[in-house]
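Trainee: dropping a prediction and its sequence here:
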Amino acid sequence: MQGRPTLEAEVQDSLRSFRRNAVHVRQALDVLAASASQMQMDGGYLQEEGLIERYKLLSIPVRRALNPTDRASFAQALAELESSDGGARDGLTRPRDAWRKLQQELESMVVLGGSRVPRRQILAGWLDAAAFYDKLDRDRAYDHLIDQWGRAAEGIGSQLMEDAARAVILLDEAAAHALGEPVILPPPVKTPPPPPDPKESWWRRLFGR
């Protein structure tokens, strides 16, 4: 569907980059919602095997949205919509308020490990821990996060990441309206596998040996 003529082509391209990233945010939130009933609290902390892997799906697109220099940046998409004509600014109240509330929360402090830590720092550590989590990796960012701030950092970081994700969804709805596109975009096309090597024998292709 064609974008609205009031938006410059460069702005349209930027908003579509934001929207493509938002597709992954929606998918990851759906996975978390489906597994929410499996989560249990133990001593005030989330306990579930495989939880970090599910948050990994969400952490990667959220990291992009929170990076001001990324083409999928929330701040950049919001600024472009705010500077557009009145039609493109429709529906920005909720995402703007959600973003402002998130920023205020990130600037607030919490006492962890005997010191006052900005929640922004905890979120950054949690995003890195989730995005780069690999249970086969000996140098685990997740373990370093827990060693530094304890299990409380997991609860704080995951909640802030979900808050950021929901702000992305709200802004995605406004971007869809500005572009004249459906709110729910089709899932991204998977990259097809490379063609088989013509020098490789047929049995190796068949059995993967």
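Mentor: Cool, the structure landed.

Trainee: quick one: contacts for the residue nearest to the spatial centre of the chain?
Mentor: Nearest residue to the geometric centre of the chain (CA atoms, centre = their mean): Val62, 2.1 Å. Val62 makes contacts with 25, 127, 161, 164-165, 168, as judged by CB atoms under 8 Å, 6 or more residues apart in numbering. For every residue, glycine as well, the C-beta is placed using N, CA and C.

Trainee: looking at these, which has the most residues close by?
Mentor: Highest neighbour count within those: Val168, with 29 neighbours (other CB atoms under 10 Å).

Trainee: now, the contacts of Val62 that are in helices?
Mentor: With DSSP state H as the criterion, helices contain 25, 127, 161, 164-165, 168 from among these.

Trainee: ok, so of those residues, who is nearest Phe74?
Mentor: Of all the ones in helices among the contacts of Val62, Phe74 sits closest to Val168, with 6.0 Å by CB to CB.

Trainee: the closest one and Leu179, how far apart?
Mentor: As judged by CB to CB, to the nearest Å, Val168 and Leu179 stand 16 Å apart.

Trainee: which residues are in contact with stretch 25-32?
Mentor: Contacts of stretch 25-32 (CB under 8 Å, 6+ apart): 54-55, 57-58, 61-62, 65, 162, 165-166, 168-169, 172, 184, 187.

Trainee: give me the buried stretch members for the helix or strand hosting Gln27, please.
Mentor: Secondary structure assignment for Gln27, by DSSP states H and E: helix 9-35. Neighbour counts using 16 or more other CB atoms under 10 Å place 11-12, 14-19, 21-26, 28-29, 32 of helix 9-35 among the buried residues.
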